[in-house]
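Novice: with the input below, show me the fold.
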Amino acid sequence: MVAWAPYPRSGQMVARAPYPRSGQMVAWAPYPRSGLPVNGWREAVAVYKNPRQLTILAMGFASGLPLALTGATLQIWLTESGVSLTDIGFFALVGFAYSLKFLWAPVLDRVPLPWLSGKLGQRRSWLIAIALLLAGSIAALGRADPIVDPWRTALCAALVAFLSASQDIVIDAYRIELLTKEEQAAGAASTQWGYRFGIIASGAGALVLADAFGWPRTYLVMAALIGVGVVAALLSPEPGHPTVRGSFLRMAVVEPFREFASRPRWLLILVFIVLYRLGDALAGGMANPFYVKIGFTKPEIASVAKVLGVVATMVGIAAGGAFAYRLGVARALVVGGLIHAAGNLAFIFQAYMGHDIRVLGLTIFVENFTGGLVSAAFVGYLSTLCHPAFTATQFALFTSLTAVGRTLFASGAGWLAVQLGWPLFFAASAAAALPGIALAIALSANAALPSPRVSAASPP
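Specialist: Prediction:
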């Protein structure tokens, strides 16, 4: 028998069944369909006032903070120190950790930390442990001398990237398990807002501090700011996380794949994940070369993109989260995808207008606003795909799959632009979004979008 019990924090009813003592998985029970609008616009905006969203915002800040410290900010430090451009280029390899994080996500999903997990729970214990190690590695990177000991600098940067990617795994899992299904897109928006605040702090903020106090003290301040995520974790509850039994290899590696492959139309879902941002991959990959080719200078692009672009992205992300909460993830993916595809018309308008700074502002605003709009809905959808027993592993796999698709399709964007010319290229980019939108409609009509999620009790 399957008992019905309230879904945590939402009051909705879902099927809850314990995992058998043998460790075998039980079948999912359908989650109530949420593709139809169930909330008013006032409720959609008010979702951001929920204290859980503030927790996710703080964790997003801690997640975004380390990125520039091993990327753009570190590159400036290395350049000032006299490191060769060739060696600076090799430092970019530390970013591979973000693409490969799915390899160790099962460990963070399944392995408890001695004593600490018993006190704080699986998610919070790993989050705090990783954050403390990350803060220490950032401080160590700041004390390294790129000229005297470049290998130590590279090792510290690689360690920061590895721990940062690990922190992302846990924060994503925490967010997905903390929020209800209807709140996932808004949670994705809160995460991305915090993430961008973190990048600003470790980017522009770090440069200002370094100019006044030097790099070692700057990195020490950045290390201290990682504490924002620690405080958020300590002040927040441990989300529900089903306990499953069985061998580590089976439950951490085999079952996440087997479980997903047991769902109806799972291959179609994977194709959708790869294709949904195809138009964005093409247009976005050629946006800056396009601006340069039609005569805009670097200062002109930077003055508009760095200010208006950031504002438009953040407004779009917030709107996308509220949009998905109001309409449901399924409709938000379809409508948001169409809006984003139509946004490519701004590029075509820019191509015919040429060097016009006012039109550039319009183009960058439309590109970034619609991109943020669809991003929140898409990340929210990926979050709903995750089974509660394998949240970290499955979400890391889904995001890695989107990155592979984006990189693969963007690689041919330059060739396509040369063959078609700018107006036709951006028209083709808009058309390239249509297959993903069609798949969203098809999956929604067949109840495969959004994916059902259940709450599972721990073994008796």
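Novice: quick one: end-to-end distance for stretch 259-270.
Specialist: End-to-end distance for stretch 259-270, by Cα to Cα, to the nearest Å: 14 Å.
Novice: again with stretch 61-76
Specialist: The separation between the terminal residues of stretch 61-76, taken as Cα to Cα, is 22 Å.
Novice: alpha carbons only: can I get the helix or strand encompassing S190 in CSV?
Specialist: Here S190, judged by DSSP states H and E, is contained in helix 184-200. Included here for helix 184-200 are C-alpha records, laid out as CSV according to Å, rounded to 0.1, in the frame of the first residue of the first chain:
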residue,chain,number,x,y,z
GLN,A,184,12.1,25.7,-8.2
ALA,A,185,12.2,28.3,-10.9
ALA,A,186,12.1,31.1,-8.4
GLY,A,187,14.8,29.3,-6.5
ALA,A,188,16.9,29.1,-9.6
ALA,A,189,16.4,32.9,-10.1
SER,A,190,17.5,33.5,-6.5
THR,A,191,20.6,31.3,-7.0
GLN,A,192,21.6,33.2,-10.1
TRP,A,193,21.0,36.6,-8.5
GLY,A,194,23.3,35.6,-5.6
TYR,A,195,25.8,34.0,-8.1
ARG,A,196,26.1,37.3,-10.0
PHE,A,197,26.5,39.3,-6.8
GLY,A,198,29.3,36.9,-5.8
ILE,A,199,31.0,37.4,-9.2
ILE,A,200,30.8,41.2,-8.8
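Novice: would you mind getting the angle between the next helix or strand after that helix and helix 184-200?
Specialist: With elements assigned by DSSP H and E, the helix or strand that comes after helix 184-200 is helix 206-213. Here helix 206-213 points in a direction 30 degrees away from that of helix 184-200 (axes from the mean of the first three to the mean of the last three Cα atoms, to 10 degrees).
Novice: pull out the buried positions in the helix or strand just after helix 206-213.
Specialist: Secondary structure here is assigned by DSSP H and E; on that basis, the next helix or strand after helix 206-213 toward the C-terminus is helix 215-225. Residues of helix 215-225 classed as buried: W215, T218, Y219, L220, V221, M222, A223, L225 (neighbour count, 16 or more other Cβ atoms under 10 Å). The way it works is simple: take the backbone N, C-alpha and C, and place the C-beta from them, glycine included.
Novice: quick one: the helix holding S190 to chain centroid distance?
Specialist: Centre-to-centre, helix 184-200 and its host chain are 8 Å apart (Cα atoms, centre = their mean, to the nearest Å).
Novice: now for that helix, which elements pack on it?
Specialist: The helices and strands touching helix 184-200, judged by 3 or more Cβ pairs under 8 Å, 6 or more residues apart in numbering; DSSP states H and E, are helix 51-69, helix 150-178, helix 310-327, helix 329-342, helix 357-385.
Novice: which stretches of the stretch 1-150 of the chain form strands?
Specialist: Secondary structure of the stretch 1-150 of the chain, counting by DSSP state E, counting those that start in this stretch: strands at 3-6, 13-16.
Novice: in contact with D145, which residues?
Specialist: Applying Cβ atoms under 8 Å, 6 or more residues apart in numbering, one finds that D145 lies in contact with S81, R152, T153.
Novice: related to what we said a few turns ago, include mean pLDDT and distance to G194 when you put the helices and strands packed on helix 184-200 into CSV, please.
Specialist: Listed next are the helices and strands packed on helix 184-200 as CSV, based on pLDDT from 0 to 100; distance: least, Cβ to Cβ, whole Å:
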stretch, mean pLDDT, distance to G194
helix 51-69, 93, 2
helix 150-178, 94, 10
helix 310-327, 87, 11
helix 329-342, 91, 21
helix 357-385, 91, 13
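Novice: could you dump those helices to a markdown table with distance to S400 and mean neighbour count?
Specialist: Formatted as a markdown table, those follow (distance: least, Cβ to Cβ, whole Å; neighbours: other Cβ atoms under 10 Å):
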| stretch | distance to S400 | mean neighbour count |
| --- | --- | --- |
| helix 51-69 | 16 | 24 |
| helix 150-178 | 11 | 23 |
| helix 310-327 | 21 | 24 |
| helix 329-342 | 20 | 23 |
| helix 357-385 | 11 | 23 |
